[in-house]
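S.K.: Just to be clear, the model below is a prediction. Sequence and coordinates:
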Amino acid sequence: MFDVYVNDSDELLVVPQGARPPIIGSFGKWRKKKTHVTSVSQEIRSVVQKDGHYMRKRSDSRKRIPTET
């Protein structure tokens, strides 16, 4: 399981459950999301295992898909 944090800069941080978030990004101003995440993509899982955390801008996951008119 994983804990998910967000900050004022709209960044997303994923760490193993129970681990303290590293002091990166907005100088430790992370807010924990209320729910635990039970599964993440293999990419996120491998980065968490290697680095101890995964961080990205939340807007990276919301790329707009152009629609034809």
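M.R.: Structure received.
S.K.: quick one, what contacts residue 54?
M.R.: 13, 14, 15, 40, 44, 47, 48 (C-beta atoms under 8 Å, 6 or more residues apart in numbering). C-betas here are computed from N, CA, C, even on glycine.
S.K.: go with 7 Å
M.R.: 14, 44, 47, 48 (C-beta atoms under 7 Å, 6 or more residues apart in numbering).
S.K.: and if you look at residue 3?
M.R.: Neighbours of residue 3 in contact, by C-beta under 7 Å, 6+ apart: 15, 17, 32, 36.
S.K.: Compute the distance between the last one and residue 50, please.
M.R.: This means residue 36. Relative to residue 50, residue 36 is positioned 21 Å away (C-beta to C-beta, to the nearest Å).
S.K.: These two: which has the busier surroundings?
M.R.: The residue with more neighbours, out of residue 36 and residue 50, is residue 36; 12 against 9, by other C-beta atoms under 10 Å.
S.K.: Which pLDDT value belongs to the more buried one?
M.R.: Predicted confidence (pLDDT) for residue 36: 74.
S.K.: I'm done for today, thanks for sticking with me.
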